[in-house]
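*Asks:* Generate coordinates for the sequence data below:
(chains A and B)
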There are 2 protein chains.
Amino acid sequence: MSILVVGSVAFDTIRTPFGQATEVLGGSATYFSAAASFFGDVRLVAVVGEDFPEDHLGFLRERKVDLRGLQRVPGRTFRWVGEYGFDLNEARTLDTQLNVFADFAPKIPEEYRDSEVVFLANIDPDLQREVLRQVRRPAFVAADTMNYWIARKPDSLRQTLGLVDTLVINDAETRQLAGEANLVQAARKILGWGPRGLVIKRGEYGALMFNDGDWFAAPALPLEAIQDPTGAGDCFAGGFIGYLANTMNFGDASVRKAMIMGSVMASFNVEAFSLDRLRALTSGEIQARFRAFKRLAHFEDL
Amino acid sequence: MSILVVGSVAFDTIRTPFGQATEVLGGSATYFSAAASFFGDVRLVAVVGEDFPEDHLGFLRERKVDLRGLQRVPGRTFRWVGEYGFDLNEARTLDTQLNVFADFAPKIPEEYRDSEVVFLANIDPDLQREVLRQVRRPAFVAADTMNYWIARKPDSLRQTLGLVDTLVINDAETRQLAGEANLVQAARKILGWGPRGLVIKRGEYGALMFNDGDWFAAPALPLEAIQDPTGAGDCFAGGFIGYLANTMNFGDASVRKAMIMGSVMASFNVEAFSLDRLRALTSGEIQARFRAFKRLAHFEDL
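*Replies:* Residues are numbered from 1 along each chain as shown, chains lettered A, B, ... in the order given. Sure, this is the predicted structure:
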């Protein structure tokens, strides 16, 4: 039931057609932790600079996220500036300042090493393996990656893929990683490199999972009140992996429900900027939205 | 159980990354009829020119489609030339020769006027209403349209919408018709103009239905062997409306299954050029693929 996440904590500056936010709390490990914290004990490993306010992660502390693995080092915190047009599926990056994240060397605290479930958020695949070398026999390992690593470190990424149970990426990354336009062929190729499962995030079109030779399609809830899609993919991963850690059941029926829980958490997150929607979220709302997904996707046999 | 379709019969010339076909059988009424013929008695109204070979619709005759409403007039048959890139969701039109279709004035034969279900394929909205004036109290009317009519005849299209039960269009058309980027807001606006149901086709991402205040998301089957997406939307409509005509049940559970049946027929059609996959299709295959969709979309309650 303990979940280790290694990724980024950042300041995001975001513009969408519905508003803007300046230097708000962001980063893959932040979004993942907030979402996963509704399902299990989350342990975070990331790095921030001296400019990071002591109380800025107060919300994660309230949610009982273990922050002993958050390193504070000299320099400035990672900053990302991006904007979205009306097609909210695609962010345009206006500026990336890696700052202290450029030299991030994840150090897993001794008390985190027995974590049962591990999520390697989008960091250098060399570092992803470095994390796995420091943990003891997790029951389940999932990883994310991005176009940058696919293009620059394909061999390292392939080595990491040989060590993870499930890869969680978007559809463009799936095609790029496999070098195949057809998603079925791309999935088959990637699974040939090691992972048992592949989760393909498709934004407003939902998510697909290829697992043990079987496809599952999770719909996305049609939403009226989308404010900011930033972090949706990491909240999806947080709900997906959080649910699996909560049940410790990695069988077919359980991973299908986990996919829906990922979709549920992503659907909440996009309703406000930064982590604001998750700050106000209740378990009752999560359960009600799971039922809404069931209603959305259900049809009877012939 | 009788289904009237009014639309086009055409010669298509198509290039996709997987092959090409020259002056093959196409047209909205053709694809719709072939798909719907697996579920009910289809009656076709369309127009062809003198150059249309007498036996070119032999496959529709074999499938017992009633062709008494097919008008043959002096001139050349409608021709469309298009191509697809690796993004098979979008056709690029290279040439359109309306020919005899430009002066199409649908005349519903007396023996078609009692049709219980009517599909108004993508034709001038003035003509769509002209068709409805000629039929007697159908139980269910569905219509398609396209960007051309949305831009050029918005008022006429609004009048037609006041007379149909369900509008079947794609997501770009939904946004254009409503003038709204958000799909939920767009759907609500369109439904305010009359239809009880709105079906939004999204190609490889499946289809959404908004019906009686409720959303339903039909997935698309991830397909390895896509040859040609031409006609997928009309085959979807053929499966959707064919299933409804077969059951004459327009309640929620039935329209959800009809959406899946539409997806089933579209998924077969894209596996070959023109109508070639439907020519070889069996009821057993249709039922097996419906079960594959069920497997694709199913998850349990929490």
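
*Asks:* Every contact and neighbour count from this point should use C-alpha atoms.
*Replies:* Will do.

*Asks:* what's the distance between the residue of the stretch 51-200 of chain A found nearest chain B and A:R175?
*Replies:* Nearest to chain B in the stretch 51-200 of chain A, going by Cα to the nearest Cα, is A:V184, at a distance of 5.5 Å. Computed as Cα to Cα, to the nearest Å, the A:V184 to A:R175 distance reads 10 Å.

*Asks:* do the same with A:V264
*Replies:* 25 Å.

*Asks:* These two: which has the busier surroundings?
*Replies:* More neighbours surround A:V264 than the other of A:V264 and A:R175, with 27 against 18 (other Cα atoms under 10 Å in any protein chain shown).

*Asks:* Checking my notes, that one in a helix, right?
*Replies:* Yes. Assessed by DSSP: H, G, I helix; E, B strand; the rest coil, A:V264 belongs to a helix.

*Asks:* quick one: pLDDT of it?
*Replies:* pLDDT recorded at A:V264 is 98.

*Asks:* which residues sit in contact with it?
*Replies:* Contact analysis of A:V264 by Cα atoms under 8 Å, 6 or more residues apart in numbering or on different chains lists A:236, A:239, A:286, A:289-290, A:293.

*Asks:* Ok, A:A35 next?
*Replies:* A:A35 neighbours (Cα under 8 Å, 6+ apart): A:235-236, A:238-239, A:242, A:265, A:278.

*Asks:* Tell me the secondary structure of the residue nearest to it when sequence neighbours are not counted, please.
*Replies:* Using Cα to Cα, 6 or more residues apart in numbering or on different chains and skipping the chain neighbours, the partner closest in space to A:A35 is A:G238 (4.8 Å). The three-state label given to A:G238 by three-state DSSP is helix.

*Asks:* Please state the mean pLDDT value computed over the helix or strand where A:R43 lies.
*Replies:* For A:R43, the host element (DSSP states H and E) is strand A:41-48. On average, the pLDDT along strand A:41-48 is 98.

*Asks:* How about stretch A:147-164?
*Replies:* On average, stretch A:147-164 scores 97.

*Asks:* Equivalent analysis for stretch A:179-186, please.
*Replies:* Stretch A:179-186 comes out at a mean pLDDT of 94.

*Asks:* Show me the contact partners of it.
*Replies:* Counting by Cα under 8 Å, 6+ apart, A:171, A:174-175, A:177-178, B:86, B:222-224 sit against stretch A:179-186.

*Asks:* Which residues belonging to it are considered buried?
*Replies:* A:182-186 (16 or more other Cα atoms under 10 Å in any protein chain shown).

*Asks:* and those as TSV, adding secondary structure?
*Replies:* TSV is the format used below for the buried residues of stretch A:179-186 (three-state DSSP):
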residue	secondary structure
A:N182	coil
A:L183	helix
A:V184	helix
A:Q185	helix
A:A186	helix
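
*Asks:* Could you point out which of those residues is nearest to B:Y148?
*Replies:* A:N182 (30.6 Å; Cα to Cα).

*Asks:* Kindly provide the distance from that closest one to A:L157.
*Replies:* The value you get for A:N182 to A:L157, if Cα to Cα is used, is 21 Å.

*Asks:* middle-most residue in chain A, spatially?
*Replies:* The centroid of chain A falls nearest to A:D234 when counting by Cα atoms, centre = their mean (2.4 Å).

*Asks:* Check the burial of the closest residue to that one other than its chain neighbours by counting its neighbours.
*Replies:* Using Cα to Cα, 6+ apart and skipping residues adjacent in sequence, the residue nearest A:D234 is A:F32, 4.9 Å away. For A:F32, the neighbour count with other Cα under 10 Å is 31.
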